[in-house]
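Engineer: Build me a structure from this.
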Amino acid sequence: MNLFKYKKKELRPTTSLTKKILFSWLKPKIINASCLDCFAGSGALGINAAINYAKYVTLLEKNQHFFLQIKKKIKLLKLKNIEIIKTNTLNWLNKKGFVYDIIFLDPPFKKNILQKVIFLIEKNNWIRKDSIIYIEKSTYNKNIIIPKKWFLYKKKTYKNLSFYIYICK
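Structural biologist: Sure thing, here's the model as predicted:
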């Protein structure tokens with residue numbers, strides 16, 4: 001049974017290959033980490049973080065259908081270190097909050113909101129020194145401005161997809 005298969009056209013889940021590469025990069029850092037998945041979608045990134053021994057995972061999803069599907073997956077897998085919040089990510093990040101060790105940013109490509117999310121994470125101190133930020137974006141999307149204290153740790157491009165890991169210094 002593939003828990004992360006969807007037919008909805010509006011969802012573009014992170015590919016299996018991308019997840020495999022990402023979690024091999026994060027393996028030493030994810031154990032006991034607090035993680036935030038800003039655009040949960042299928043829930044694949046956040047659930048994989050929880051399964052890979054993150055201490056705590058918060059998933060944000062505004063789509064009711066996806067939200068309910070993720071809740072079912074969490075219950076089916078009996079995960080206790082994860083919560084899903086039905087919310088608009090921009091609204092949720094537009095306040096001061098909990099500081100995370102790892103943040104996953106894989107927004108809908110056509111919404112053009114990645115830059116706004118990066119700004120809110122930085123402005124409202126959702127990260128600290130040594131926090132890790134994962135960004136997944138289309139190679140066709142315009143370049144994004146990365147805060148000066150975020151240093152590129154890893155980058156990979158595959159077909160029309162680029163993904164990056166930054167570490168906050």
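Engineer: Was I right to think L90 contacts K116?
Structural biologist: Yes - if you go by Cβ atoms under 8 Å, L90 and K116 touch, sitting 6.1 Å apart. (Each C-beta comes from the backbone N, C-alpha and C, glycine too.)
Engineer: Check what pLDDT the closest residue to K71 other than its chain neighbours gets.
Structural biologist: Nearest residue to K71, sequence neighbours excluded (Cβ to Cβ, 6 or more residues apart in numbering): I84, at 5.9 Å. Model confidence at I84, given as pLDDT, is 98.
Engineer: P147 too?
Structural biologist: 96.
Engineer: Just the element for Q115, please.
Structural biologist: helix 114-123 (DSSP states H and E).
Engineer: which residues are contacting that helix?
Structural biologist: Contacts to helix 114-123, defined as Cβ atoms under 8 Å, 6 or more residues apart in numbering, come from residues 38, 89-90, 93-94, 103, 105, 107, 126-127, 133, 135, 137, 141, 144-147.
Engineer: change it to 6 Å
Structural biologist: Helix 114-123 is touched from outside by L93, N94, L105, P107, I144, P147, with contacts defined as Cβ atoms under 6 Å, 6 or more residues apart in numbering.
Engineer: Which ones among these lie within strands?
Structural biologist: L105 (DSSP state E).
Engineer: partner residues bridging the residue nearest to the spatial centre of the chain?
Structural biologist: Of all residues in the chain, the one closest to the mean position by Cα atoms, centre = their mean is F104, 2.2 Å from it. Taking DSSP bridges, one obtains D37, Y134 as the residues bridged to F104.
Engineer: Alright, that wraps it up for me.
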